[in-house]
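> Okay, here's the prediction I keep looking at, along with the sequence it came from:
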Amino acid sequence: SKLAMSGESESWEELEVETEPTKCLFSDEIFDYPSLCLEHMKNTYSFDFVHLLNSNNIGSMYDQIKIVNYIRENNVSPDEIINLVNDGVERPWNNEKYFQPVLQDDPFLFHSITGNEEDSWSDSFDKPYVENEQDISSSFDNADRDSLIKVVKKLMTENSMLNIQLADSKEQIRLLQEYNQNVLFNEGEQEKEGEVNLDEEDSYFNSYSHFRIHHDMLKDTIRTESYRDFIYNNQHLFEGKTVMDVGCGTGILSLFSAKSGAKRVFAMDRSSIIHKAKAISIENGTDDIITFIHGEVEKVKNLGDVEQVDIIISEWMGYCLLYESMLPTVLNARDKWLSPTGKVYPDQASMLIAAVSDKKYQTKMIDFWDDVYGFEMNVMKQTTIGEPHVRIVDPEFVVSDVFTFKEIDINSVTKEDLKFTSPFSLTLQSDAMVNGFLIYFDIGFEVNCTTPVYFSTGPFTKKTHWAQIFCPLVVPLDLQEKIVITGEITIGERDRRKREQVIDIAYNIAGEGVKQRYFLT
């Protein structure tokens with residue numbers, strides 16, 4: 001679910017997908033990613049680094065580190081290093097000093113280039129090459145080989161974690177600088193007609209950098225265990241497949257997918273929480289499977305050597321399903337990368353409405369304004385009535401049947417379909433004072449599943465962090481059992497505020513019609 005909690009001033013136009021600037025081994029040219037640098041060296045210098053290492057059986061990660069540092073320190077030419085490797089006699093990089101980085105934050109020291117995927121994170125220390133036993137013992141006479149490998153592996157992991165923490169700190173400093181700049185130069189500027197409020201948009205993403213919101217979501221067992229059960233109980237959908245996790249947060253869905261046999265997982269998030277997600281992946285040994293992409297789905301042009309994914313998984317739902325929803329972003333990812341036979345999960349969503357009688361709420365929140373220390377405050381009363389409230393409603397307060405007014409198939413829905421008007425009809429189950437409507441949603445993991453999984457955010461099941469949406473009536477209605485309330489509900493976006501929601505409810509009882517508008521902000 002998506003709940004904006006604080007401001008962030010980061011222009012969409014200035015935000016770019018996180019790159020890993022990689023300097024060529026033989027020139028001063030710099031490329032956005034290690035894979036692009038490898039391709040450049042292959043085309044420009046006929047230096048196929050991957051083939052050179054693999055063909056000479058020196059493809060371990062610590063060999064790669066020492067060779068890279070040796071080349072950078074000694075300015076060795078492509079032909080010289082090829083001859084040294086192919087000759088197999090003199091290996092001048094077999095010295096512990098070449099574990100020391102020559103170039104700070106050199107991506108070639110953190111990415112294995114000899115695996116199946118050139119730009120994938122890989123932990124090559126799990127499979128050390130026997131050839132290096134002599135090299136290790138000659139440099140470290142008293143060191144136990146296995147212990148040394150563990151030490152190097154630990155140091156590499158710690159270094160990666162420090163780099164992630166550094167990136168996170170840089171992100172926070174950048175946001176603070178941009179915020180101060182906006183305060184100084186943009187104060188008083190008005191939104192232009194038709195423009196998206198970027199401060200509001202950035203506030204939404206910045207809220208996902210905070211610990212508390214992730215803690216609350218992960219602690220929601222209905223939410224998290226439903227995703228886990230779907231992934232673990234339908235492993236046939238994940239084994240050997242390429243998965244995309246849109247809005248990955250801490251990466252929990254990516255971790256589930258990796259554990260369920262996914263060959264590759266692309267985890268995307270615009271929030272700086274992704275730096276912590278990387279650290280979590282390293283900590284749990286899945287960094288050879290999960291590739292993290294920091295940026296907007298809409299701005300990511302490609303996935304390297306991968307053109308399509310088999311599954312898109314995302315926890316995109318907001319309050320009232322579509323408030324602050326990330327569903328348009330998921331649909332964008334679906335249309336860009338999902339294979340023709342691939343599926344988005346969850347694949348089913350339903351929105352439901354019911355009539356509610358909550359006398360305690362009426363007294364505490366609405367009627368309160370009729371007499372505030374002897375003063376009437378009707379303007380506050382009207383404001384309260386016009387605001388839908390996110391709250392847990394006791395099931396005994398639901399006094400009508402429940403009506404499903406919208407069903408969404410995530411694999412076929414379009415962005416235009418997310419603004420709609422639907423009819424509803426509710427029949428009272430008892431005599432009651434109706435003082436509001438209740439809206440909630442249900443979710444299903446269904447298509448191609450041997451074990452479908454469903455969960456509800458309604459009042460009749462264990463509560464979730466989404467709660468329900470209570471829309472109070474202007475005037476409570478005293479109604480008798482079996483009275484039918486008919487009407488229409490319209491869901492749309494607030495002008496220029498695409499993550500905020502407008503709810504219009506028009507209802508009719510015995511020929512008398514009323515229409516109310518609610519702003520979910």
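That came through fine. Computed from a predicted structure; not experimentally measured.

> thought residue 353 was touching residue 405?
Yes: between residue 353 and residue 405 there is a contact at 5.6 Å, judged by Cβ atoms under 8 Å. Any C-beta I mention is one placed from the backbone N, CA and C, and that applies to glycine too.

> which neighbours do these two share?
424, 489 (Cβ atoms under 8 Å, 6 or more residues apart in numbering).

> Can you pick out the residue with more neighbours from those two?
residue 353 (25 against 20; other Cβ atoms under 10 Å).

> Next, that one: secondary structure please.
strand (DSSP: H, G, I helix; E, B strand; the rest coil).

> who touches it in this structure?
Counting by Cβ under 8 Å, 6+ apart, residue 353 has contacts 402-403, 405, 424, 426, 437-439, 489.

> If we use 6 Å, what do you get?
Counting by Cβ atoms under 6 Å, 6 or more residues apart in numbering, residue 353 makes contact with 403, 405, 424, 437, 439.

> Residues in a beta bridge with it, which ones?
Residue 353 has these beta-bridge partners by DSSP bridges: residue 403, residue 439.

> follow-up on the earlier one: can you tell me which of the contacts of residue 353 comes closest to residue 262?
Nearest to residue 262 among those: residue 439, at 34.9 Å, using Cβ to Cβ.

> so that closest one touches residue 470, yeah?
No: with contact defined as Cβ atoms under 6 Å, residue 439 does not count as touching residue 470 (8.1 Å).

> Report whether residue 98 is found in a helix, as I expect.
Yes: counting by three-state DSSP, residue 98 is part of a helix.

> Could you list everything residue 264 pairs with in the sheet?
residue 242.

> confidence score at it?
Here the pLDDT value assigned to residue 264 is 96.

> now residue 50
Predicted confidence (pLDDT) for residue 50: 87.

> Name the helix or strand for it, please.
Following DSSP states H and E, one finds residue 50 within helix 49-55.

> again, but for residue 282
helix 273-283.

> so what secondary structure elements neighbour the following helix or strand past that helix?
Moving toward the C-terminus from helix 273-283, the next helix or strand (DSSP H and E) is strand 290-294. Other helices and strands packing on strand 290-294, by 3 or more Cβ pairs under 6 Å, 6 or more residues apart in numbering; DSSP states H and E, are strand 264-269, helix 273-283.

> got the contact list for residue 292?
267, 274, 278.

> Could you report the neighbour count for residue 283?
Residue 283: 11 neighbours (other Cβ under 10 Å).

> nearest to residue 308, of the helices and strands packed on strand 290-294?
The nearest among these, by Cβ to Cβ, is strand 264-269 at 11.1 Å.

> contacting residues around that closest one?
So strand 264-269 is in contact with 242-248, 251, 254, 257-258, 289-293, 297, 303, going by Cβ under 6 Å, 6+ apart.

> one step back: just the buried positions in the helix holding residue 50, please.
Buried residues in helix 49-55, defined by neighbour count with 16 or more other Cβ atoms under 10 Å: 49-50, 52-53.

> Quick check: which element contains residue 426?
strand 420-427.

> Pairing partners for that strand, with directions?
strand 484-494 (antiparallel).

> which is the next helix or strand following the strand it pairs with?
In N-to-C order, the element after strand 484-494 by DSSP H and E is strand 497-509.

> circling back to that earlier point, got the contacts of residue 353 as a markdown table, with pLDDT and distance to residue 446 columns?
Supplementary listing: those in a markdown table, determined by pLDDT from 0 to 100; distance: Cβ to Cβ, whole Å:
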| residue | pLDDT | distance to residue 446 |
| --- | --- | --- |
| 403 | 98 | 21 |
| 405 | 98 | 20 |
| 424 | 97 | 24 |
| 437 | 97 | 28 |
| 439 | 97 | 22 |
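
> and which of the residues you listed is nearest to residue 92?
Of these, the one sitting nearest to residue 92 (Cβ to Cβ) turns out to be residue 439, at 70.6 Å.

> ok, now which ones touch that closest one?
320, 353, 469.

> Between those, which sits nearest residue 520?
residue 320 (6.1 Å).

> which non-adjacent residue is nearest the closest one?
residue 469 (4.5 Å; Cβ to Cβ, 6 or more residues apart in numbering).

> beta partners for the one you found?
Residues in a beta bridge with residue 469, per DSSP bridges, are residue 390, residue 439.

> Residue 421 contacts residue 491, correct?
No: using Cβ under 6 Å, residue 421 is not in contact with residue 491, being 8.0 Å away.

> quick one: which of those two has more around it?
Between residue 421 and residue 491, counted using other Cβ under 10 Å, the more crowded position is residue 491 (22 against 13).

> out of everything not next to it in sequence, what's closest to the most centrally placed residue in the chain?
By Cα atoms, centre = their mean, the chain has its centre lying nearest to residue 247, at 1.4 Å. Residue nearest to residue 247 in three dimensions, not counting chain neighbours: residue 326, with 5.1 Å by Cβ to Cβ, 6+ apart.

> Let me see the confidence value for that neighbour.
90.

> same question, residue 474
Residue 474 is given a pLDDT of 87.

> what does the one 10 residues further on give?
The score at residue 484 is 95. That number is its pLDDT.

> just the one 3 residues further on next, same as before
According to the model's per-residue confidence, residue 487 sits at a pLDDT of 95.

> Go ahead and confirm it touches residue 509.
No: here residue 487 lies out of contact with residue 509, judged by Cβ under 6 Å, at a distance of 9.0 Å.

> Of those two, which one has the most company?
residue 487 (22 against 16).

> Can you mark which positions in stretch 412-420 are buried?
413, 418.

> Now do that stretch: distance to the chain's middle.
21 Å (Cα atoms, centre = their mean, to the nearest Å).

> quick one: pLDDT of the closest residue to residue 349 other than its chain neighbours?
In this structure, residue 349 finds its nearest non-sequential neighbour in residue 408, 4.5 Å apart by Cβ to Cβ, 6+ apart. With respect to pLDDT, residue 408 scores 98.

> again with residue 371
Confidence for residue 371, expressed as pLDDT, is 93.

> Against residue 381, how distant is it?
11 Å (Cβ to Cβ, to the nearest Å).

> now residue 84
Taking Cβ to Cβ, one finds residue 84 at 83 Å from residue 381.

> Contact partners for residue 253?
227, 245, 313.

> Recalculate using a threshold of 10 Å.
Listed by Cβ atoms under 10 Å, 6 or more residues apart in numbering, the contact partners of residue 253 are 224, 227-228, 230-231, 243, 245-247, 265, 267, 313-315, 345.

> just residue 252 next, same as before
214, 217-218, 224, 227-228, 245, 277, 280, 315.

> pLDDT, neighbour count and distance to residue 32 added to the contacts of residue 292, as a markdown table?
Output for the contacts of residue 292, formatted as a markdown table (pLDDT from 0 to 100; neighbours: other Cβ atoms under 10 Å; distance: Cβ to Cβ, whole Å):
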| residue | pLDDT | neighbour count | distance to residue 32 |
| --- | --- | --- | --- |
| 267 | 96 | 27 | 19 |
| 274 | 89 | 27 | 17 |
| 278 | 90 | 24 | 18 |
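
> Between those, which sits nearest residue 337?
residue 267 (13.4 Å).

> The closest residue to the closest one other than its chain neighbours - how many residues pack around it?
Spatial nearest neighbour of residue 267, chain neighbours left out: residue 248 (3.8 Å); criterion: Cβ to Cβ, 6+ apart. Residue 248: 27 surrounding residues under other Cβ under 10 Å.
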